[in-house]
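Engineer: Provide a 3D model corresponding to the input given below.
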Amino acid sequence: MVRRRRPDSIRETLAVLPGRRDGGWSGPAGNKPIASGSDRLKSDRFKSRQDNHMKSHRGKNPLEAIALLIDRRRTLRRGLWASAAAFGVLWACAVPAAAPAAKPGRPAQPDQRAEADSPAETPPADPAKIAQLIAALGHADFFVRERAQQQLEQIGYDAFDALQAATSHEDLEIAARARYLLRVLRIDLTRKGDPEEVRRLLADYDSLPAPQRRERIEKLAQLPDAKGAEAIGRLILYERSPLLAKAAALALIADNTASPPQGAAARGLTELLRRSSRPPARWVQTWLSWTSDSSAALSQWVKHVETEIRLQQEGSNDSSAEIVGGLLKVQFQWLKQLQKPDEAMAAAARLTELHIPEPETLFELTRWLIAQKAWKLIEDLAQRNPAPFQDQPVLTYARAYAVQQMGDAARAEQLAAAALAATPGRELQPLLEHFRTAIALRQMGMFPWAEAEFRHVIGQIAGNHPLAANARFSLAEMLHDQQRDDAAAKVLQEALAAAGGNKPQAVLADRSTAEIASRMHYFFACDAERQGRRDLQKDHMLKGLAADEPDIDLLIMAHRFEGFSPEQRESVAATIKRLADELLQDIANEPDNPSYMNQYAWLVGNTSSDRAVLGVALKHSLRSLELSPNNAGYLDTLAHVYAALGDFEKAVRHQSRAAEIEPHSGLITRQLEKFKSELQRRKAAPADRQ
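Structural biologist: Numbers count the residues shown, from 1 in each chain. Here you go, the predicted structure:
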């Protein structure tokens, strides 16, 4: 049986819709998801036609050596010259030769064949030795080249930075062998003391394509209590793609721009990264120094920004507008922290000057500017990018919101009307785009325009269609979040009427009518409670509890309600116990379904005082966030569980994070104030009165 306290996330709401794309909102006409990563991360660019010839051929048939060498660019000669070279190689494989002659265009190098024939030993990870071995990758003697390659492979990731630099070496042989070595290097990214969730995320990291590696990085960065920080440090060192390594650094920094880790965590990262010359490693080192010397850190950060901007302007594959934008956002936050608003806005203005070809990156930048209340910069960005701001309704709405905040209400409404009319038609695809636009507007706090988009969908399609049903569900939840519970309940009444009434076993968009009815009565009960009408509240609670699938939030309200008889309270407790047991069974059956874990933790965290049971709830809540990081609803649940355990420091921390992710959620922000108030009360009260 399906039970919901409210949609656990926007993604869960979108999951039931036809044509859904994972990753978030997408623009009109099936544009790719707005929340997806940059397409420039999809290729590591390590392919080379020469790489297939870099494997060791020691001890193999001399004919294989011939086949190898006649295909190599340096030894390839047409006609008889190729045959002569091949015969020479065959003779060299069969008979010891004198020291090799220098290759054309390259000075002779010392004979290192004796070293190549010596027993294999792992050389020390000395930078000078590594540099010598990389130079030997281009030696005139094939066996010297092979031996140097083997030794570098034995050294492993201590040679990573030098090999990365060698991929652009002017000697094509050195560059090709360096690329090959970077591909074959293998390292266990996990460490003995890693938390279990970190080990799971790193288990098959090396074998994943770039977009999925990016997802793993984001999940590591979003683990609670910075559990993934050290693992991200390893990825900064050892990720083969420079673009992904930079994305890893920014993911680590982004959520704690002005509050880097301190103590052992900071020392661990510093020690891990101190020898690396990779740019993202230097970024993290600068970030770690922010607390001790903010002025020096800012000065160094500006240099990082300028270097990356030059790289991006040169068209390098090792940078992107997204990466430059991430660096500028850090600079903006630091300048604000140092109370330099003019310089901060100048840094933000540079963001609008970037060439941003990807619509999703443009959307994320616009959302960020809205969060910073940089209304004029949004208008500047729209003028620099007229086509997407005209073609993408959500960007048109964002521009309208900025214009409204600058005081031009009439023009704002004109833009909003144009955005609503931008995707005409009653077919499924345009209506689906209206629904996705409504979800995005809800997330950005543009509630009146979101409501208009939801009601547009509802009015254009049959009421029992899954899309119309989901538009009603989402609209009702948004109204409830705004404490407009009577209106929210009436929207669900419309959904029940569209389904033919509260018929047993009837289903509407994957929800039973019993479940919908129980949620409706919960909204009516919330409205009655706000009005102080306890009898009406009790009446709606009893009606909702009589449903085959009582709403979890309704059960929590009933658990706290003091107007029930002992028999009624006992019945509520029995229903909570039964539902908790069913959810545990659901978790056992689907151990990777975060929704069941969140629902169990929410129910128990709001109804139990048993610390052992709350410990189970905490475990499942943490696991749900591992599976669905940065989910504001799940963070809200985790905060409630910590509050039930009496840890209001952690409750405030995680609720604050939820409020950062969804700053326009009334439910989350109101609860944050309650947790902060209780924390202050406990700090002020003597320990024996807490």
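
Engineer: What confidence value was assigned to Leu189?
Structural biologist: Predicted confidence (pLDDT) for Leu189: 84.

Engineer: Let me see the contact set for the nearest residue in space to it that is not next to it in sequence.
Structural biologist: Once flanking residues are discounted, Leu189 sits nearest to Leu202: 4.5 Å by Cβ to Cβ, 6 or more residues apart in numbering. C-betas here are computed from N, CA, C, even on glycine. With contact set as Cβ atoms under 8 Å, 6 or more residues apart in numbering, Leu202 has these partners: 189-190, 194, 216, 220, 231.

Engineer: Provide the count of other residues in contact range of Asp171.
Structural biologist: By other Cβ atoms under 10 Å, 17 other residues sit near Asp171.

Engineer: Relative to Ile661, how far out is Gln414?
Structural biologist: Distance from Gln414 to Ile661, counting by Cβ to Cβ, to the nearest Å: 31 Å.

Engineer: What of Ala476?
Structural biologist: 22 Å.

Engineer: between the two, who's got more neighbours?
Structural biologist: Counted by other Cβ under 10 Å, Ala476 and Ile661 do not tie: Ala476 has more neighbours, with 27 against 17.

Engineer: Touching, the more buried one and Leu496? I think so.
Structural biologist: No: if you go by Cβ atoms under 8 Å, Ala476 and Leu496 don't touch, sitting 11.4 Å apart.

Engineer: Tell me the gap between the host helix or strand of Arg681 and the middle of its chain.
Structural biologist: Element membership for Arg681 (DSSP states H and E) is helix 666-684. Taking Cα atoms, centre = their mean, to the nearest Å, one finds helix 666-684 lying 28 Å from the centre of the chain it belongs to.

Engineer: list the buried ones in it?
Structural biologist: 666-669, 671-672, 675, 678-679 (16 or more other Cβ atoms under 10 Å).

Engineer: Taking those together, which two end up most distant?
Structural biologist: Pairwise distances among those were taken by Cβ to Cβ; the largest, 20.4 Å, belongs to Gly666 and Leu679.

Engineer: Redo the buried residues of helix 666-684 as a markdown table? Include pLDDT and distance to Glu451.
Structural biologist: Output for the buried residues of helix 666-684, formatted as a markdown table (pLDDT from 0 to 100; distance: Cβ to Cβ, whole Å):
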| residue | pLDDT | distance to Glu451 |
| --- | --- | --- |
| Gly666 | 96 | 15 |
| Leu667 | 97 | 17 |
| Ile668 | 97 | 20 |
| Thr669 | 97 | 19 |
| Gln671 | 97 | 23 |
| Leu672 | 97 | 25 |
| Phe675 | 97 | 29 |
| Glu678 | 96 | 33 |
| Leu679 | 96 | 35 |
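
Engineer: contacts for the helix or strand hosting Gly615?
Structural biologist: Assigned by DSSP H and E, Gly615 falls within helix 611-627. Residues outside helix 611-627 that contact it (Cβ under 8 Å, 6+ apart): 197, 200-201, 219, 222-224, 587, 592-595, 597-598, 600-601, 604-605, 608, 631, 634-635, 637-638, 641-642, 644-645.

Engineer: Of these, which count as buried by neighbour count?
Structural biologist: Buried among those (16+ other Cβ under 10 Å): 197, 201, 219, 222-224, 587, 594-595, 597-598, 600-601, 604-605, 608, 631, 634-635, 637-638, 641-642, 644-645.
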